[in-house]
Each structure stands twice: as C-alpha cells, then as structure tokens.
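>>> how would this look folded up:
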Amino acid sequence: MKIHFMINRYSITIYTPQEYNHSSYIQTGLFELEKQGILDIDIKLSLQHRKGKYRIENDSLIKTNEYSPKTSFYKLLDRVAKTETMFACDLYDLDNHFSSYALENCDYVFKRNYVQEKIDQLPERYRNKVLQLGLTFGVHSESHKGLIKFLIANYIGAVCWNLKWDKRILKRVFNSL
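The predicted structure follows:
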C-alpha cells in the first residue's frame, strides 16, 4: 500500500529547544521529511522557559519548578483539515519524570522511556496524552536549517539554568559559553 501525501499539506513548527543535542534526533527526521516534500518546516526562536516537572516517587506525584530541557516542542498544521496539533518529545532517560508544561499545553507527549506503570500514576487527564516515542539515535540531516536560532536558544537556555545569584554566578555563566 502506497501512501500519497499532498505536497505542502503539512507544516511543522519547531520551537527552538532548551537543549539541542537530544532534540536534534527528532529534527533530523523532520528535515528529511521536508527534503522529500512531505512537509514544510518553520523554526521559531523560542526563549520561553517552560519550567515545571512532574516526578513520581514512592507512588506519589510531586510537582516541581525544574526545567525539562530534554523535552522539545512542535506544532503540526494540517492545511487541508485546518487543524493544529501541539506535541512534545520527551527524551529523558528517567521514566518517572514528565514535563508539566508539555502535559498541560500539548495534545500529545511522545516519551522515549515509556513505562506504563509510571504513566498510570499521572492524573487521568494526562494519561492518554503520553505515547511511546521509540528508539532514538544521534544522527544529523544534511538538510538541517535554522542552526543560528538553535544555537542562540541553546546558549540562552544554558545561561538560564545556571543563573543563580551567588558568588559563583560569573563562573557558571562563563562555563555556559
């Protein structure tokens, strides 16, 4: 069975991530789909913090104000159906950590380290949003674009994580460079 895609039917917006290394796995696939004419990509420089994390510990749900930098965000636009779908990809190794921002603001969250017992402990309104991502490998597309936007967002994200007002602030900011 051959699947036919209408050229320019789909568009993906990539919101520059807080951490570039892991999200590049997802973006590589998207750039390759764009190269094949299956979708168009728009890259938005996003400096939004997206703080908040749910952790499951000892069968309890704990909400913290931590960053989830290995969670990247995307918007899929279907130009024919005129629908938008927000989704996130969570590439954390930890099966009991979830981006609260992603769960609260996205239609779907694809999680690499998916463990059903942990998903079942999330509030019911979030359980059906979390789907298995599958395997990820460190690859890069020759069709990559928007590198400057990604690097700016990555740098600002690194500075923000290390911004703590104490006597070592300058050292941490310098190390972020």
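>>> Name the nearest residue to residue 59, sequence neighbours excluded.
Nearest residue to residue 59, sequence neighbours excluded (CB to CB, 6 or more residues apart in numbering): residue 121, at 6.6 Å. Backbone N, C-alpha and C define where each C-beta goes, glycine included.
>>> quick one: the one you found from residue 61, how far?
Per CB to CB, to the nearest Å, residue 121 is found 6 Å from residue 61.
>>> Show me which of those two is the more surrounded one.
Comparing residue 121 with residue 61 by neighbour count (other CB atoms under 10 Å), the higher total belongs to residue 121, at 16 against 13.
>>> distance of the more buried one from residue 114?
Distance of residue 121 to residue 114, computed by CB to CB: 13 Å.
>>> same question, residue 62
In this view, residue 62 and residue 114 are 20 Å apart by CB to CB.
>>> Neighbour count for these two, which is higher?
Higher neighbour count among residue 62 and residue 114: residue 114, with 16 against 11, using other CB under 10 Å.
>>> Is that one in contact with residue 120, as I believe?
No. Using CB atoms under 8 Å, residue 114 makes no contact with residue 120, being 11.6 Å away.
>>> Return the helix or strand in this protein with minimum mean pLDDT.
helix 147-162 (a mean of 68; mean pLDDT, DSSP states H and E).
>>> The most centrally placed residue in the chain: which element?
Centroid-nearest residue in the chain: residue 72, 1.1 Å away (criterion: CA atoms, centre = their mean). Element membership of residue 72 [criterion: DSSP states H and E] is strand 71-78.
>>> Starting from that strand, tell me which strands it pairs with and how they run.
Its sheet considered, strand 71-78 pairs with strand 10-15 (antiparallel), strand 83-90 (antiparallel) by DSSP bridges.
>>> so can I have CSV of those showing mean neighbour count?
Conversion of the strands paired with strand 71-78 to CSV gives the following (neighbours: other CB atoms under 10 Å):
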stretch, mean neighbour count
strand 10-15, 20
strand 83-90, 18
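>>> hey, least reliable of the ones you listed by pLDDT?
Across the strands paired with strand 71-78, strand 10-15 has the smallest mean pLDDT, namely a mean of 93.
>>> following that one, which helix or strand shows up next?
Per DSSP H and E, strand 10-15 leads on to helix 20-35 as the next helix or strand towards the C-terminus.
>>> Many thanks, have a good one.
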